[in-house]
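Chemist: Here is the input, now give the coordinates:
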Amino acid sequence: MTDPLEKITLALKPKAAPEGASKPKSSEPLPQGVDAAVLDELRQATRTFDYLRKFGEPIEFWEAVRLARARRGVAEDAVDSGKGVDEGLVEELRVIRRQLSPMVHDLRRFLRRVPDIPQEGEALEVALGFLLASSKEHKAVAKWLAESDEHLSKAASKLRSQSEIAKPYLEVLRPWNWDGKPPVPPGALQDAVFETPNVPIEQDLLDNLRRAVWCRKLFTEAQLDSAFWELLMLNTAERVPTQARQMKIVQAYKDKQMAVLHEETRNLHARLLPIRARHSRWIDTFQAWLRELPGVPKDAGMFELAIAFAVVELDGAERARRWMAAPEASAQAAAAHLAKLAMKAKAYVAAIKKPSA
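Modeler: Prediction:
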């Protein structure tokens, strides 16, 4: 395993290839801004990323980058060999996750508050891959997390910069893409967005969803982080006390009692903390696995809604644990169930937007 302080090639500081390593292909001139050694390592990262996903492993792109840097990435001749996952690669991935996953988990939460960052999906994931490739940048990330309010603009600028650096590399790597699928035609996507399924509406769930949406807006304006599943779970598990707190906030706003409004907002947000402590670990793992499955919603907002509906189901936690215990055998059923919940969520959102009779 490499020294964690060693400079990282994908941070645009290429080092000499080890003796016997394959040389980057140079038959054609590379575009401006593309370094051959960086491109060679990035090719291995994308190959490793795609290879591990074939085995149902919920791999993140930054992890594939770190594997390539540790020289545990997948060689070109291994992709179609039919062999199982190399144990050395698996062990290195465990080490990477043990060392860096807690920081990346916190970073993703922090980035929810950061404005004007690369679009969620390929742009953001590849930018994170470039950022997290460098051990030096880990110190900057730790500083962002420790002094979060002071570094929002700096984090946004850094990620935009990494995304711009990545663009010419991605162009060379095409037709590869992060989600492994060709883009959805705009017309088809538009049809999917506006087609509302005929789903029976349960009034209690509709009310819980409406209050969760209200909480999301409130916390966003107050710059308090929250995942939507947390909000729906709070409004489901603590329905009556949450509604009472919301009424206090509404009344404080009407009375222009801003000190009371801010205090009650913070009190309401504090109710998320025990939910987060109890459930975030398994739900984060559950989401990461589902996100890689074919057939799940690719739209970030719809995926978030479907996850929220999944975890507040009566047997949601047990079903998720059962699927995660046998991920390969459960992949098709899990993707189908999440797609069904996405359609259900779409119908409920439409019901919320519908004017009252």
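
Chemist: Mind giving me the packing neighbours of the longest helix along the chain?
Modeler: As assigned by DSSP state H, the longest helix anywhere in the chain is helix 327-353. Where contact means 3 or more CB pairs under 8 Å, 6 or more residues apart in numbering; DSSP states H and E, helix 327-353 is packed against helix 203-221, helix 272-291, helix 300-312, helix 316-325. C-betas here are computed from N, CA, C, even on glycine.

Chemist: hey, which of these is tucked in deepest?
Modeler: Comparing the helices and strands packed on helix 327-353 by mean neighbour count (mean count of other CB atoms under 10 Å), helix 300-312 comes out on top with a mean of 21.

Chemist: need the contact list for residue 338.
Modeler: Applying CB atoms under 8 Å, 6 or more residues apart in numbering, one finds that residue 338 lies in contact with 290, 293, 296, 297, 306, 307, 310.

Chemist: Does the first one touch residue 334 like I think?
Modeler: What it means is residue 290. Yes: using CB atoms under 8 Å, residue 290 is in contact with residue 334, at 6.3 Å.

Chemist: Only C-alpha atoms, please: export stretch 44-60 in PDB.
Modeler: What follows is stretch 44-60, C-alpha atoms only, in PDB (Å, rounded to 0.1, in the frame of the first residue of the first chain):
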ATOM      1  CA  GLN A  44      -7.400   2.500 -14.800                       C
ATOM      2  CA  ALA A  45      -9.700   4.200 -12.300                       C
ATOM      3  CA  THR A  46     -12.700   4.100 -14.700                       C
ATOM      4  CA  ARG A  47     -11.900   0.500 -15.600                       C
ATOM      5  CA  THR A  48     -11.800  -0.400 -11.900                       C
ATOM      6  CA  PHE A  49     -15.000   1.500 -11.200                       C
ATOM      7  CA  ASP A  50     -16.900  -0.400 -14.000                       C
ATOM      8  CA  TYR A  51     -15.400  -3.700 -13.100                       C
ATOM      9  CA  LEU A  52     -16.400  -3.600  -9.400                       C
ATOM     10  CA  ARG A  53     -19.900  -2.500 -10.200                       C
ATOM     11  CA  LYS A  54     -20.400  -5.700 -12.300                       C
ATOM     12  CA  PHE A  55     -20.000  -7.700  -9.000                       C
ATOM     13  CA  GLY A  56     -22.600  -5.600  -7.200                       C
ATOM     14  CA  GLU A  57     -20.100  -3.700  -5.200                       C
ATOM     15  CA  PRO A  58     -21.400  -0.100  -4.400                       C
ATOM     16  CA  ILE A  59     -18.200   1.500  -5.400                       C
ATOM     17  CA  GLU A  60     -17.800   5.300  -5.500                       C
END
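
Chemist: ok, and for that stretch, which residues are buried?
Modeler: By 16 or more other CB atoms under 10 Å, the buried positions in stretch 44-60 come out as 44-53, 56-60.

Chemist: Which ones among those map onto helices?
Modeler: Reading helices off those with DSSP H, I get 44, 45, 46, 47, 48, 49, 50, 51, 52, 53.
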